[in-house]
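Asks: Requesting a structural model of the entry that follows:
(one chain, ligands or ions: 1)
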Amino acid sequence: MVVSIRLPQYNESSTRRTRRSTLWRLWTRYKKGWIIGVVLFVELVRFLLVFSRDDDARGQWADKYVEGEESENLGWGEENLGREVRGVKRLVIVTCHAIWVGGIDGKNETEWMIEDFQTGEVDIYVRHIKAGVEAASEDAESLLVFSGGETKSAAGPLSEAESYYRLAHALHLFTPALLPRTTTEIHARDSYQNLVFSIARFHELTNTYPSSITLISHAFKEPRFLRNHLRAISYPEDKFQFIGIDPEEGVGDAVLKGEARTRQVWDGDLYGCKSEGELRRKRQGRNPGRRWDGGYGVSCPELGELLAYCPSDGVSEFGGELPWSESV
Ligand SMILES: *[C@@H]1O[C@H](CO)[C@@H](O)[C@H](O)[C@H]1NC(C)=O
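Replies: Numbering: from 1, shown residues only. Now for the predicted structure:
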């Protein structure tokens, strides 16, 4: 009797086949898992590489900045600015007093956002706009600036200056010749800032400072501009023209008394910055949108010291050099 026993034979090729098919089974069964795993791994490596490179770049940037190298490329965005406005010398400022929220022609008070004490006054704002457009139209070498910030939360993020500009447009006041010489200054929150910030805005556009200024406001505010604000920045009075427009029927005693009081406050706080001062509080109250006006100190380095200047006694005049100092 022959008993044949089949012993399992060691067979190399079959083992390899088995191993291969095991791998194959693993691959086919977990194909998705494998792919996800590999992708995740690659992404992790990539992330680590990019992250470390960014870190390097930041380090270099900081070093260069500290050393002041390549400051023209690491500066404040000059390379992103449009072309300078050329050939203008005179600055024409329209000081804004309220916000035109839209409508037909600005004559109806319901088109405006005004304070109680401004009731019955809106036609004066329209006349201020017209006077500014006229002054700028007469002088082809002038720049027209509407100046006034986002002073009212109820108007949302709309500045007085932009609203005046839009009203001027609605009134068809612009000619193609004047439009390129027109801009807004959207940070000023009082008359001193109307003057100084508009000068800064002039410099932003032209890279020069105005050789003369025409400012349009209420006639009864003229002493404030001449005696307080011009003096504060030592701007030569003979290069300054004031166009004052009050209501035809004149202003009442209450308004004049109020202005006399306001001027007294400016007398003791020439730059409107005294801590705990009334003027500073007003500025804060007129900035619900928390707009920062510090940019002017960067765009106008020649004004940087003046813009940061705040004498503790309130009345010591700024003694530093200013672009118009020579001509005094
Ligand atoms: C002003 O506008 C309001 C609302 O549109 C209107 O009721 C009113 O009659 C207008 N006033 C004048 C003087 O036109």
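Asks: For the host helix or strand of V126, name the packing helices and strands.
Replies: According to DSSP states H and E, V126 maps onto helix 122-138. If contacts are counted by 3 or more C-beta pairs under 8 Å, 6 or more residues apart in numbering; DSSP states H and E, helix 122-138 sits against strand 90-95, strand 142-147, helix 160-170, strand 212-217. (Glycine included, C-beta is placed from N, CA and C.)
Asks: For that helix, give me every contacting residue.
Replies: Residues from elsewhere that reach helix 122-138, judged by C-beta atoms under 8 Å, 6 or more residues apart in numbering: 92-98, 100, 105-109, 111-112, 114, 142-144, 146, 164, 167-168, 171, 173-175, 177-178, 181-182, 214, 216-218, 243, 245-247.
Asks: If any of these are buried, put those into a ChimeraX selection.
Replies: The ChimeraX command for the buried members of those (criterion: 16 or more other C-beta atoms under 10 Å) is given here:
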select :92,93,94,95,96,97,98,100,106,111,112,114,142,143,144,146,164,167,168,173,174,178,181,182,214,216,217,218,243,246
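Asks: Just send the helices and strands packed on helix 122-138 back as a markdown table, with mean pLDDT and distance to D267 too.
Replies: Listed next are the helices and strands packed on helix 122-138 as a markdown table, based on pLDDT from 0 to 100; distance: least, C-beta to C-beta, whole Å:
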| stretch | mean pLDDT | distance to D267 |
| --- | --- | --- |
| strand 90-95 | 98 | 20 |
| strand 142-147 | 98 | 23 |
| helix 160-170 | 98 | 25 |
| strand 212-217 | 98 | 18 |
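Asks: what's the closest of those to L205?
Replies: Proximity to L205, assessed across these by C-beta to C-beta, is greatest for strand 142-147 (6.5 Å).
Asks: Who does the closest one pair with, and is each partner parallel or antiparallel?
Replies: When sheet partners are counted by DSSP bridges, strand 142-147 sits next to strand 90-95 (parallel), strand 182-185 (parallel).
Asks: which one is L178 nearest to, not counting chain neighbours?
Replies: In space, and not counting its chain neighbours, L178 is closest to S137: 5.6 Å by C-beta to C-beta, 6 or more residues apart in numbering.
Asks: where in the stretch 201-328 of the chain is pLDDT low?
Replies: For the stretch 201-328 of the chain, the stretches with pLDDT under 70 are 327-328.
Asks: Now the helix holding V126: average pLDDT?
Replies: Mean per-residue pLDDT for helix 122-138: 97.
Asks: and the angle from that helix to strand 90-95?
Replies: 170 degrees (axes from the mean of the first three to the mean of the last three C-alpha atoms, to 10 degrees).
Asks: Counting neighbours, which bits of helix 122-138 end up buried?
Replies: 122, 124-126, 128-133, 135-137.
Asks: Just the CA trace of that helix, in PDB.
Replies: What follows is helix 122-138, C-alpha atoms only, in PDB (Å, rounded to 0.1, in the frame of the first residue of the first chain):
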ATOM      1  CA  VAL A 122     -28.300 124.600   5.500                       C
ATOM      2  CA  ASP A 123     -28.500 127.000   2.600                       C
ATOM      3  CA  ILE A 124     -25.200 128.500   4.000                       C
ATOM      4  CA  TYR A 125     -23.500 125.200   3.500                       C
ATOM      5  CA  VAL A 126     -24.600 125.200  -0.100                       C
ATOM      6  CA  ARG A 127     -23.200 128.700  -0.500                       C
ATOM      7  CA  HIS A 128     -19.900 127.600   1.100                       C
ATOM      8  CA  ILE A 129     -19.600 124.800  -1.500                       C
ATOM      9  CA  LYS A 130     -20.400 127.200  -4.400                       C
ATOM     10  CA  ALA A 131     -17.900 129.800  -3.100                       C
ATOM     11  CA  GLY A 132     -15.200 127.100  -2.900                       C
ATOM     12  CA  VAL A 133     -15.900 125.800  -6.400                       C
ATOM     13  CA  GLU A 134     -15.900 129.400  -7.700                       C
ATOM     14  CA  ALA A 135     -12.500 130.300  -6.000                       C
ATOM     15  CA  ALA A 136     -10.900 127.100  -7.300                       C
ATOM     16  CA  SER A 137     -12.400 127.600 -10.800                       C
ATOM     17  CA  GLU A 138     -10.900 131.100 -11.000                       C
END
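Asks: Right, I'll call it a day here.
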